[in-house]
Every structure is written in structure tokens, then in C-alpha cells.
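**Student:** kindly generate the corresponding structure for this input.
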Amino acid sequence: MYLEIISPEAKLFSGTVTSVTVPGVDGEFQMLNHHAAIISILTKGDIKIAADSFNFSKEAEGKFFLGNDKRYHLSIESGTLEMNDNKINILVE
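**Tutor:** All right, here's what the predicted structure looks like:
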């Protein structure tokens with residue numbers, strides 16, 4: 001599936017991923033390939049991304065870190081998420 005993460009300052013990430021875990025208002029949830037269409041508000045926490053290769057933008061340098069779970073983490077204050085047709089768009093602050 002394809003993921004884009006955009007902040008007010010820049011596009012932080014775009015690329016193919018195998019899973020994405022996000023901090024939803026009702027708790028953390030994960031999306032895998034061909035997940036049902038969804039729109040959600042995100043709360044403070046970490047977006048966790050699993051991918052075969054991971055290339056983030058120059059503007060995102062220092063914002064992502066590799067966790068002990070072998071996934072890349074991005075800490076956010078809030079955001080919104082839309083997944084449709086195997087593409088995930090996340091707007092973050």
C-alpha cells in the first residue's frame with residue numbers, strides 16, 4: 001500500500017509500506033494491505049511504519065526514529081487520516 005505523511009511545513013514521507021499503526025482517538029489501530037476505507041482523527045502519539053525500504057524527505061530528517069520493534073516512528077501531536085483504494089494520506093501536526 002502507499003503512504004503519504006504531510007505536515008504544514010513539508011511532505012515528510014511518501015512510499016510503499018507493509019503496515020501503518022496510528023494513535024486513533026479510541027486507541028491505537030493498524031492498517032495492512034487492502035484495509036477497508038477509513039477516515040479517522042489522530043491524537044498525540046507515534047505513527048509506526050513498517051516498510052521494506054524507508055526513504056524520508058530531507059525536511060523530515062531527525063523526525064523519524066527506528067524503534068526496538070524494527071518500525072520507523074514519527075511522534076505527532078494530532079492529525080487526520082484517510083485510507084481508500086490502498087492509499088493512506090495522513091496530515092499531521
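
**Student:** show residues contacting the helix or strand hosting Val22.
**Tutor:** Assessed by DSSP states H and E, Val22 sits inside strand 19-24. Applying C-beta atoms under 8 Å, 6 or more residues apart in numbering, the external contacts of strand 19-24 come out as 1, 3, 28-32, 40-50, 71, 76, 81, 88, 90. Using the backbone N, CA and C atoms, a C-beta is placed for each residue, glycine as well.

**Student:** tell me the contacts of the spatially closest residue to Gly67 that is not a sequence neighbour?
**Tutor:** Leaving aside its sequence neighbours, Gly67 sits nearest to His73 (C-beta to C-beta, 6 or more residues apart in numbering; 4.9 Å). With contact taken as C-beta under 8 Å, 6+ apart, His73 is in contact with 46-49, 64-67.

**Student:** can I get stretch 76-92 in CSV, CA atoms only?
**Tutor:** Below are the C-alpha coordinates for stretch 76-92, written out as CSV (Å, rounded to 0.1, in the frame of the first residue of the first chain):
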residue,chain,number,x,y,z
ILE,A,76,2.8,13.6,16.4
GLU,A,77,0.6,16.0,18.4
SER,A,78,-2.6,15.4,16.3
GLY,A,79,-3.7,14.7,12.7
THR,A,80,-6.2,13.2,10.3
LEU,A,81,-6.0,10.0,8.3
GLU,A,82,-7.8,8.8,5.2
MET,A,83,-7.3,5.4,3.7
ASN,A,84,-9.0,4.5,0.4
ASP,A,85,-8.1,2.2,-2.5
ASN,A,86,-4.9,1.0,-0.7
LYS,A,87,-3.6,4.6,-0.3
ILE,A,88,-3.1,6.2,3.1
ASN,A,89,-2.9,10.0,3.4
ILE,A,90,-2.0,11.4,6.9
LEU,A,91,-2.0,15.1,7.7
VAL,A,92,0.0,15.7,11.0
